[in-house]
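1. test case, fold it:
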Amino acid sequence: MNHLFTRAATAALVAAFASPAAAQDATPETPQAEQRSGDIVVTAQKREERLQDVPVAVSVIGGDLIARQGGINLESAQYLVPTLNFRKSGTSINQSLFLRGVGTSTFSIAGEPSVSTVVDGVVYSRAGEAFSDLVDIERIEVLRGPQGTLFGKNASAGVINIVSRKPGRDLSGYAEGGFFFDNGNEYRARAAIDVPLGERVASRVTGFYSKYDGNLFNEAPNVDRRVNGYERWGVRGIVVADPTPDLTITLIGDYRKADDDCCAEVIGTTPNNLAAQILPTPLGNRTRRVRQNLVTATSEESYGGSLQIDATLGRNTLTSITAWRRYDNTEIRDGDWLAQPYANAGLNELHDFGPQVGRTFTQEVRITSPSGGLVDYVGGVFYSWADTERTFRRDVTLCAPNAAVLTGCDAPGVTVTRPTGTANFGSTFKNLAAFGRFTVNVSERLRLLGGIRFTHDQLNVFHIRQTALTGPGIQPNFDQGVYDRYVSLVTNGVAPTTAQTQAVVAANGIPFTTKTTNDNWSGMAGAQFDLSHDHTVYATWTRGYKGPAYNIFYNLAGTGTNVIEPETVDSYEAGIKNTLFGGKLVLNLAAYYARYDNFQANNPDVVAGVLVTRFTNAGRISTRGGELDLIWNPARDVSLSGGLAYTDAHVDRFRQPTGTVTGVIAPGTRLAYAPEWKASLAGDWRIRTGGAVDFGLNAQGSWQSDQISQFDASPAIRQATTIGDYALVDLGVALIDARDRFRLGFQVKNLFDQSFAASITSGGPGGSYRYIIPREADRYFGVIGRIGF
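-> Okay, the predicted model is just below:
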């Protein structure tokens, strides 16, 4: 009943909000050119083009909309783009994005995402680095479906293209402060300033700070405070120089520091053992209390810079983008979800500590033709080097003997042992590619599309694990000696699991190393036809590709050392782009079908008595559906945007990994984080009074049907880890200076207090289920003030 109410209320609010828009349309206050939605410019094909001219399904989110809705990162953006979903995990490094029901969730240091994140032309090699605060953003372009022809191998499901605001030529800027409350307090401060450095040189410096208490309460005696919060700050500088009319140089540098005590997993169901007596009362997705003696947290530091040079050569433009980045992440995780260990079966203490260091260098050189000739083209070469190393320690406390009643480890007669294991492992991705994308303008209305990319991948990995004692979650030593002996035993007919156990005695302290290489040809073909100036249809075929991988993680053993084969996809898409009412309304429709072979996915497995996820080639999956994108500017001060998506993403043929307990996932099983239906609608209306102060109203509603959280062979587990459908409604009002010198706004987030989980997984104490509860699962309020100059 609550879900029905919130969905009905969402529809009613949207309808009410749209009514004033129609009235405003009767008295336009600005020239027609200022009201054209169809003139939105994007860089989805690595050249500036009108959104309506791009034969790709693209959702565009303006930076102003993100700011007005109080969003701060890509997790918030999922409520604005129906085809985008976000997998929240215990620590930020393991979170991931999904488009059209497809994404890659992996704990492996040697696997890449399926959705590429590009910031100001620079590809981010690790997905976690892109989940930082979205501050001073001009727009986000969400490109659905394989985009590998232009954007590379880790774009087999799509691309998130983030574009920062560029500096202006005059001295100007803004300062903004915000306070959010009623779900833990949050403080925000943001500022930017444009400083001209000469007649042909402009600069912009942006800074931010935010601190949030968290949405859960940790009752453990040594903690006793809110958790799931953060403290973050950062700065970004952009310098744009035009020394000659034919040369533009853009230099960008940024630094970010984040200390998050997120994300504690609440136990949402009742355990079937003694743990029920020592855990907070489970309330499903309404559980807001944990009792954990180690605060799950992530400490991050990232920084880097890029140099972009755009030079005119004849009628063409030569672009070079050179970038270097460093991303350090330290993971701290409570893996037993208890306040202390007990002398009872399954109630041990398990704590993880995992610092990680990553460095990336990329170089792209491309040439772009002018538009409107017989053949428009973009072509170039791309090189990437991404090196990551991690040291991961797992500490376990075991208490014996077991007892029929709860007994602390300090009780008389209890023997305490502390197994521990430390693994050092890393990966180096090297990628070299050449690409070309062209459009043949057969006539003024008909265009033929084509593209090709050659990719060479090399992946090197290493791993060594040393243990003091074995126990739950602690595997014995693993290194080159163990691996060589394991291979010898298997070659001589010993079962893999038995060989794995016997090979441990061969440890020699030398890291296990291996590598793989792969070459790939991918590309696209299609056609585009203008039914009229305002209506364009297109149809495309795209072959996408994601490179080989390894499952390099703490629990690596001989059975998991195989190469994870490259993932490929054949995608078919057809769409129509409509510009109506003199450019005020954009209404785009797309339909698609995509089949993925050697799909790279995480599957549940049990290693050393602990539930883990094993990164494997899961076989063949497919996704198909339809999408609608809407942008409507009926008048100067009124805007509506949103979308609707239907997605059917499921398993076609599952491949069971060798040497695992993973069962076979039946054909037709839905993929995780792939809701069948999802919709969003956002609106903004500025009411001009003719006086010194105007009024602003904004609203945003989103709804999605249920989705599976854990991709598992067991129907019972899939059912237990299904996130139910939910709807969210946000409202805002503001006082706006008529000359835009200041703005004071008040926001209500999750107006109807709709509770939901961002993730549900098995493996909790006594067969219980673990829930991750996002901040948006509770109603809260905010006040934001902004001053411009």
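
2. quick one: the helices in the stretch 651-789 of the chain?
-> 715-720 (DSSP state H, counting those that start in this stretch).

3. how about the stretch 451-600 of the chain?
-> 480-491, 496-502.

4. helices and strands around the shortest one, which ones?
-> What that stands for is helix 496-502. With contacts defined as 3 or more Cβ pairs under 8 Å, 6 or more residues apart in numbering; DSSP states H and E, the packing partners of helix 496-502 are helix 480-491. Any C-beta I mention is one placed from the backbone N, CA and C, and that applies to glycine too.

5. just checking, what packs against the helix it packs on?
-> Going by 3+ Cβ pairs under 8 Å, 6+ apart, helix 480-491 lies up against helix 496-502, strand 512-532.

6. again, 6 Å this time
-> helix 496-502 (3 or more Cβ pairs under 6 Å, 6 or more residues apart in numbering; DSSP states H and E).

7. for Leu318, what are its contacts?
-> 311, 367 (Cβ atoms under 6 Å, 6 or more residues apart in numbering).

8. beta partners of it?
-> On the basis of DSSP bridges, Leu318 is bridged to Ala311, Ile367.

9. what about it, distance to Arg366?
-> 8 Å (Cβ to Cβ, to the nearest Å).

10. Gly625 reaches Leu644, doesn't it?
-> No: with contact defined as Cβ atoms under 6 Å, Gly625 does not reach Leu644; the gap is 10.5 Å.

11. so those two - more neighbours on which side?
-> Here Gly625 and Leu644 are compared on neighbour count by other Cβ atoms under 10 Å; more neighbours surround Gly625, at 21 against 18.

12. so where's the stretch 251-400 of the chain shaky on pLDDT?
-> 345 (pLDDT under 70).

13. isn't Asn441 up against Leu449?
-> No: contact criterion Cβ under 6 Å: Asn441 and Leu449 do not qualify, at 10.6 Å.

14. more neighbours: those two, which one.
-> Applying other Cβ under 10 Å to Asn441 and Leu449 shows that Leu449 carries more neighbours, namely 21 against 16.

15. am I right that the more buried one is in contact with Gly523?
-> No: between Leu449 and Gly523 there is no contact under Cβ under 6 Å: 10.5 Å.

16. residue closest to the middle of this structure?
-> Leu97 (3.4 Å; Cα atoms, centre = their mean).

17. got the contact list for that residue?
-> Applying Cβ under 6 Å, 6+ apart, the residues near Leu97 are 103, 115.

18. neighbours of Glu300, how many?
-> Glu300: 24 neighbours (other Cβ under 10 Å).

19. can you tell me the SS state at it?
-> Secondary structure, DSSP: H, G, I helix; E, B strand; the rest coil: Glu300 is strand.

20. check Arg139 too.
-> strand.

21. who does it bridge with?
-> If you apply DSSP bridges, the partners that Arg139 bridges to are Gly62, Val163.

22. so Ala264 touches Val290, yeah?
-> Yes: when contacts are counted by Cβ under 6 Å, Ala264 is listed as touching Val290 (4.9 Å).

23. pull up the overlap in contacts between these two.
-> With Cβ under 6 Å, 6+ apart, Ala264 and Val290 have common neighbours Leu216.

24. returning to that earlier point: just name the most buried of the helices of the stretch 451-600 of the chain.
-> Across those, the average number of neighbours (mean count of other Cβ atoms under 10 Å) peaks for helix 480-491, which reaches a mean of 18.

25. that one to strand 512-532, inter-axis angle?
-> 80 degrees (axes from the mean of the first three to the mean of the last three Cα atoms, to 10 degrees).

26. and the contacts of helix 480-491?
-> With Cβ under 6 Å, 6+ apart, helix 480-491 has contacts from 496, 499-500, 503-504, 506-508, 510, 512, 558.

27. and that helix, how far out from the chain middle?
-> 38 Å (Cα atoms, centre = their mean, to the nearest Å).

28. again, but for stretch 174-184
-> Distance, centroid of stretch 174-184 to centroid of chain: 24 Å (Cα atoms, centre = their mean).

29. then stretch 42-52?
-> Distance, centroid of stretch 42-52 to centroid of chain: 22 Å (Cα atoms, centre = their mean).

30. quick one, phi/psi of Phe131?
-> phi -90, psi 30 (degrees, to the nearest 10).

31. residues near it, how many?
-> 22.

32. likewise Ser709?
-> 25.

33. now Pro511
-> Neighbours of Pro511 using other Cβ under 10 Å come to 16.

34. repeat for Gln747
-> 21.

35. and Trp521, by the same measure?
-> By other Cβ under 10 Å, neighbour count at Trp521 equals 10.

36. now swap in Asp64 and tell me
-> There are 13 residues near Asp64, going by other Cβ under 10 Å.

37. so it: helix, strand or coil?
-> Under three-state DSSP, Asp64 comes out as helix.

38. state the distance from it to Tyr174.
-> For Asp64 relative to Tyr174 (Cβ to Cβ), the value is 12 Å.

39. got it, and Ala276?
-> 52 Å.

40. and those two? Which one has more around it.
-> Tyr174 (19 against 16).

41. hang on, that one packs against Ile784?
-> No: using Cβ under 6 Å, Tyr174 is not in contact with Ile784; the gap is 11.8 Å.

42. pull the contacting residues for Asp778.
-> Asn183.

43. tally of neighbours for Ala539?
-> 16.

44. residues contacting it?
-> 526-527, 574.

45. can you pick the most crowded of the residues you listed?
-> Gly526 (20 neighbours).

46. which residues are common contacts for Leu449 and Gly523?
-> By Cβ under 6 Å, 6+ apart, no residue touches both Leu449 and Gly523.

47. follow-up on the earlier one: where among the helices of the stretch 451-600 of the chain is average confidence lowest?
-> For those, mean pLDDT drops lowest on helix 496-502, to a mean of 87.

48. give me the contact list for it.
-> 486, 489-490, 557-559, 659.

49. equivalent analysis for stretch 289-304, please.
-> Here stretch 289-304 has contacts from 90-92, 129, 216-220, 222, 227, 255-261, 264, 266, 280, 324-334, 337, 339-340, 351, using Cβ under 6 Å, 6+ apart.

50. and what of stretch 575-582?
-> By Cβ under 6 Å, 6+ apart, stretch 575-582 touches 38, 52, 57, 534-538, 586-590.

51. mind listing what's buried in it?
-> 575, 577-579, 581 (16 or more other Cβ atoms under 10 Å).
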